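Enquirer: no sequence on hand, only this structure:
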């Protein structure tokens with residue numbers, strides 16, 4: 001039997017600008033809307049967020065929101081990203097940073113929520129498998 005333990009790493013961020021910023025990009029130029037899949041839409045948003053962070057000199061865009069429209073002239077998608085550019089400034093092991101035990105105040109609820117969602121998904125899948133077995 002094998003076991004493993006995961007020790008979370010906490011990343012501290014510093015906002016570069018306290019004002020919300022906005023960037024716009026044309027993604028997939030020349031590609032008609034009918035040829036753009038849902039996966040391509042998600043890739044377009046990720047691509048725009050990456051470009052926005054790079055232009056801002058940031059590592060990440062905090063609170064990123066996206067506005068996506070079809071560009072009828074050049075085709076493709078016009079993606080507008082709004083958010084707060086930030087850089088990673090420190091990393092520490094869970095419970096060992098300046099915040100120390102304060103890490104648990106905000107990490108534990110996140111972990112508990114993820115655990116509850118995972119149990120809920122497992123229960124739904126088990127019920128679906130149980131129903132399929134009974135219907136055969």
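Expert: Received, thanks. Computed from a predicted structure; not experimentally measured.
Enquirer: the longest strand seen in the chain - contacts with which helices or strands?
Expert: In the chain, taking DSSP state E as the definition, the longest strand is strand 77-93. Using 3 or more CB pairs under 8 Å, 6 or more residues apart in numbering; DSSP states H and E, the elements in contact with strand 77-93 are strand 9-15, strand 21-27, helix 38-56, strand 60-70. Yep, even glycine has a C-beta here, placed from its N, CA and C like the rest.
Enquirer: quick one: strands adjacent to that strand?
Expert: strand 9-15 (antiparallel), strand 21-27 (antiparallel), strand 60-70 (antiparallel) (DSSP bridges).
Enquirer: that older thread, can you convert the helices and strands packed on strand 77-93 into JSON lines and add a column each for mean neighbour count?
Expert: Formatted as JSON lines, the helices and strands packed on strand 77-93 follow (neighbours: other CB atoms under 10 Å):
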{"stretch": "strand 9-15", "mean neighbour count": "13"}
{"stretch": "strand 21-27", "mean neighbour count": "16"}
{"stretch": "helix 38-56", "mean neighbour count": "16"}
{"stretch": "strand 60-70", "mean neighbour count": "14"}
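Enquirer: using TSV, please lay out these together with mean pLDDT.
Expert: Converted to TSV, the helices and strands packed on strand 77-93 look like this (pLDDT from 0 to 100):
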stretch	mean pLDDT
strand 9-15	87
strand 21-27	94
helix 38-56	94
strand 60-70	94
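Enquirer: thanks a lot, catch you later.
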